[in-house]
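Trainee: Mind folding the following:
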Amino acid sequence: VYLNIAGGIRVDDPAIDLAIVSALISSLQDVSIPTNICFAGEVGLSGEIRAVNRIDQRIQEANRLGFKEIFISKYNTKGLDPGRYNIRIRTVAKIEELYEALFA
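Mentor: Sure thing, here's the model as predicted:
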């Protein structure tokens, strides 16, 4: 799948997969995702949400940018201390869980 990202920015980080899938589901459901939610996760072909590198840094940056909630892979939680951040961390293992959390 190839996507044209606004501004012609080249994106090759797999952590953007979860945001793209969320946007596609949002469009299909005709339901907006709140602007204070962000995503960091790789999506496999069977819908599993895979861990990504530098998750601590990604959460800190999302917090710094003012996001209130971030969805990450449940496989990224090892050694992660949610109390360190001023952002709600939501974990998902499959696309179905993401769908339920956002649109159900």
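
Trainee: pLDDT averaged over the lengthiest helix in the chain - what is it?
Mentor: With DSSP state H setting the assignment, residue counts place helix 17-29 as the longest helix in the chain. When the per-residue pLDDT values of helix 17-29 are averaged, the result is 95.

Trainee: Can you give me the buried ones in it?
Mentor: Using 16 or more other CB atoms under 10 Å as the burial criterion, the residues of helix 17-29 that qualify are 17-19, 21-22, 25. For every residue, glycine as well, the C-beta is placed using N, CA and C.

Trainee: Stretch 32-48 now?
Mentor: By neighbour count with 16+ other CB under 10 Å, stretch 32-48 contains the buried residues 33, 37-43, 48.

Trainee: now do stretch 49-64
Mentor: Taking 16+ other CB under 10 Å as the neighbour-count basis, stretch 49-64 is seen to contain the buried residues 49-52, 55, 58-59, 62-63.

Trainee: if I pick residue 63, what's in contact with it?
Mentor: Counting by CB atoms under 8 Å, 6 or more residues apart in numbering, residue 63 touches 85-87.

Trainee: how about the nearest residue to residue 19, chain neighbours excluded?
Mentor: Counting by CB to CB, 6 or more residues apart in numbering, residue 19 lies nearest to residue 39, which is 4.1 Å off, once chain neighbours are set aside.

Trainee: Just give me the residue closest to the centre of this structure.
Mentor: Ranked by distance to the mean C-alpha position of the chain (CA atoms, centre = their mean), the top residue is residue 39 at 1.8 Å.

Trainee: Excluding covalently adjacent residues, which one is nearest to residue 77?
Mentor: Residue 77's closest residue in space is residue 91 (CB to CB, 6+ apart), at 5.9 Å.

Trainee: Strands of the chain, residue ranges please.
Mentor: In order along the chain, the chain carries the following strands (DSSP state E): 37-40, 42-43, 49-50, 69-73, 88-92.

Trainee: if we can go back for a sec, so what sits opposite the residue nearest to residue 19 in the bridge?
Mentor: Under the criterion DSSP bridges, residue 39 forms beta bridges with residue 71.
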